[in-house]
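Colleague: Got a predicted structure here, sequence first:
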Amino acid sequence: MNIPASRQYTQVVEVMLNGNGRVSICPELIDEGRRPSDNASQEKNEEKLLELRELAQNTNLYAYDTMHKDGHCFISRWFAQAWDKHNCPKKDSFEPFIFAWIAFNGWASCVTSQERDKKIIESLSLNPIVCNHFHKLLNTNPSFKRYVLEFSSLWPVFSAKDLRTEDIRPLRDASREDLVKHYLEKRSDRIREYQTKAEEMQRMSDNYSNKAHKDSQNAEHYNREADKCKKQAKHYRSKASKCINYSPACWKRHADADQRISHDWSHTLAAIYQVRCNLFHGEKARDLDNDINLVHTAFRVLVHFLQSFPDSWRIHDRVENCR
């Protein structure tokens, strides 16, 4: 796809990697502080692309081999508990998903040399070897492809914490499509509310500033009130921009453009990570079919992907040495 220069970062970010070609990723999947922008200078964008390139190339998929035996045992045991349940009923997927994530997170932290989850996710999303392995598995393993398609059909995965903060309740017995529509409508309502409040606060700030300009005797009081309103406007704009996150974060842009969202490694990992966040924060319910399906499909993708790792990355088949 040929993308005009003025829209290249809005649509896709291409990270050139020394000796490994390039990795294309939707900009919404990159941390805002490291994301190139159409509005930024070429020099600034080059700096950000360099940072992303370094983040990707600092991943050493063979570093796990050098990990201390205790670390191997810890990770292998968690994976073994997850794999033992890879054919479990849907409603029993919650604990195995946690086991699989802990194993994955331990391995990922080792090979990326990162501690923060967001940087771990970005490092692996941008790694061409992991991307290609996922792509190959998707095209050669019909069962794995079915798991990924079933999981991606449930996207986007909304932040349960954000939904609770905004007091937006799930619809019981609703289809996934209806539930997504419900959440998006409520999200739009909240964004409009915050934007309206931000505009109102900005108008009040401007009015106080005008009064300060006309009334020098009370200027200090008016300027103080203007600053308060300006901070409130900034607060509401921030709430509007961060209102009810979901993953993959590019989902709505693709939907609005009538594009099919890719179910590649970077998008899939982003969605799995959101399931992880919801589950680890105690926001998933075993009695809601939508939650059960999300966790179950995410678990099957993650645990089978880990099981497929080549010998040089393996986080399993070592548990026998730990006994």
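Modeller: Nice, thanks for sending it over. All values derive from a computational prediction rather than experimental measurement.

Colleague: Endpoints of stretch 248-261, how far apart?
Modeller: 9 Å (C-alpha to C-alpha, to the nearest Å).

Colleague: Then stretch 134-150?
Modeller: Span of stretch 134-150 from end to end, C-alpha to C-alpha: 16 Å.

Colleague: buried residues in it?
Modeller: By 16 or more other C-beta atoms under 10 Å, the buried positions in stretch 134-150 come out as Phe134, Leu137, Leu138, Phe144, Tyr147, Val148. Just so you know, the C-beta spots here come from the backbone N, C-alpha and C atoms, and that holds for glycine as well.

Colleague: For the second one, give its distance to Arg164.
Modeller: Computed as C-beta to C-beta, to the nearest Å, the Leu137 to Arg164 distance reads 35 Å.

Colleague: likewise Gln195?
Modeller: For Gln195, the distance to Arg164 - C-beta to C-beta - is 22 Å.

Colleague: Then Glu220?
Modeller: 42 Å.

Colleague: what does the average pLDDT come to for stretch 248-265?
Modeller: For stretch 248-265, mean pLDDT rounds to 92.

Colleague: pLDDT score for the most far-flung residue of the chain relative to its centre?
Modeller: Here the chain reaches farthest from its C-alpha mean at Gln217, the gap being 52.3 Å by C-alpha atoms, centre = their mean. Note on Gln217: pLDDT of 90.

Colleague: now Arg314
Modeller: 72.

Colleague: Same question for the one 4 residues further on.
Modeller: Reading off the per-residue confidence, Arg318 sits at a pLDDT of 55.

Colleague: so of the buried residues of stretch 134-150, which ones are in helices?
Modeller: If you go by DSSP state H, the buried residues of stretch 134-150 have Phe134, Leu137, Leu138, Phe144, Tyr147, Val148 in helices.

Colleague: Spatially, which two of those are the most separated?
Modeller: Phe134 and Tyr147 (12.0 Å; C-beta to C-beta).

Colleague: can you give me the helices in the stretch 151-300 of the chain?
Modeller: 160-165, 176-214, 219-241, 251-256, 265-280, 289-307 (DSSP state H, counting those that start in this stretch).

Colleague: Could you list the low-confidence segments of the stretch 1-150 of the chain?
Modeller: 1-11, 15-21, 33 (pLDDT under 70).

Colleague: what are the ranges of the strands in it?
Modeller: Remark: strands assigned in the stretch 1-150 of the chain by DSSP state E, counting those that start in this stretch are 13-17, 21-25.

Colleague: Could you pull out the buried residues of the last one?
Modeller: Read it as strand 21-25. Val23, Ile25.

Colleague: neighbouring strands for that strand, and are they parallel or not?
Modeller: Each strand paired with strand 21-25, and its direction, by DSSP bridges: strand 13-17 (antiparallel).

Colleague: looking at the helices of the stretch 151-300 of the chain, which is closest to Thr66?
Modeller: helix 289-307 (19.3 Å).

Colleague: ok, now which ones touch Pro156?
Modeller: With contacts defined as C-beta atoms under 8 Å, 6 or more residues apart in numbering, Pro156 is in contact with Val180, Tyr246, Ser247, Pro248, Trp251, Lys252, Ala271.

Colleague: Return the residues in contact with the fifth one.
Modeller: Shown here is Trp251, whose contacts under the criterion C-beta under 8 Å, 6+ apart are Trp155, Pro156, Ile261.

Colleague: The third one now?
Modeller: Under the criterion of C-beta under 8 Å, 6+ apart, the contact list for Ser247 reads Trp155, Pro156, Val157, Ser159, Ala270, Ala271, Tyr273, Gln274.

Colleague: Drop anything exposed from the contacts of Pro156.
Modeller: Using 16+ other C-beta under 10 Å, the buried members of the contacts of Pro156 are Val180, Tyr246, Ser247, Pro248, Trp251, Ala271.
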